[in-house]
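Participant: Sequence first, predicted model second:
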Amino acid sequence: MALVGLNGSGKTTLLMATVGLIPHEGEIEVCGISVTSGTLPQVRDRVGFLFNVPEDQLLFPRVIDDVAFGLVRRGVPAVQAAEKAKAMLQSLKLDHLAEQSLHHLSHGQKQLVALAGALVAEPPLLLLDEPSAGLDPPAKHALASLLRHQPAAMLVATHDLAFAQKLCDRFIMLVQGHLVCDESEVKQRLQRWEG
């Protein structure tokens, strides 16, 4: 599902509140678990999260270590985590960067490495904040194809409407933190934005 809206509409805030990265009012449930301070570890084990700024989630000097980190944190032995991380990098055509320093990567490469880290644990839910940011058209097309074949449910916050249309079957729109429309009305509003 695509989550669209203008800058400041609340897309990132909604994604971050969903995994307890910022305080929220009301109730949020993820994969049948109510999001509270006591359930955050269980919630986060079920969610692959991509920040809109990849540097906010890239922690380690080498690409392979960063991609494997989520698995190691979940108790996967380091050797097995590294093997799964290499396979994920290969699926994103980034295996040649496995031993590279993150500091030497382009923004688009960092974005894909961060995505690899979100995907590698095969979570049932993906929350992706601007996943196509910094990618050239061929990379966006490949990313949409890869994500379409993921078994996970997805909520994709994006301004990239062409990318969203390749990836998502459903659209919802936020305005000033409120869900204002769904489906056909979203498409009408999007046409006005583009026109």
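Facilitator: Thanks, I have the structure now.
Participant: residue ranges of the helices in this structure, please?
Facilitator: When secondary structure is read from DSSP state H, the chain shows helices at 11-18, 40-45, 63-73, 78-91, 107-119, 137-148, 161-167, 184-194.
Participant: distance between the ends of stretch 96-109?
Facilitator: The straight-line separation of the ends of stretch 96-109 (Cα to Cα, to the nearest Å) is 11 Å.
Participant: Show the average pLDDT along that stretch.
Facilitator: When the per-residue pLDDT values of stretch 96-109 are averaged, the result is 93.
Participant: pretty sure residue 168 is touching residue 157, no?
Facilitator: No - with contact defined as Cβ atoms under 8 Å, residue 168 does not reach residue 157; the gap is 11.0 Å. Bear in mind the C-beta positions are built from the backbone N, C-alpha and C, glycine included.
Participant: ok, residue 120 to residue 11 distance?
Facilitator: Here residue 120 is placed at a distance of 24 Å from residue 11 (Cβ to Cβ, to the nearest Å).
Participant: more crowded one of these two?
Facilitator: Neighbour count, other Cβ atoms under 10 Å: between residue 120 and residue 11, residue 11 has more, with 26 against 23.
Participant: so the more buried one touches residue 155, yeah?
Facilitator: No - with contacts counted by Cβ under 8 Å, residue 11 stays clear of residue 155, the gap being 9.4 Å.
Participant: which residues do these two both contact?
Facilitator: Residues touching both residue 11 and residue 155 (Cβ atoms under 8 Å, 6 or more residues apart in numbering): residue 3.
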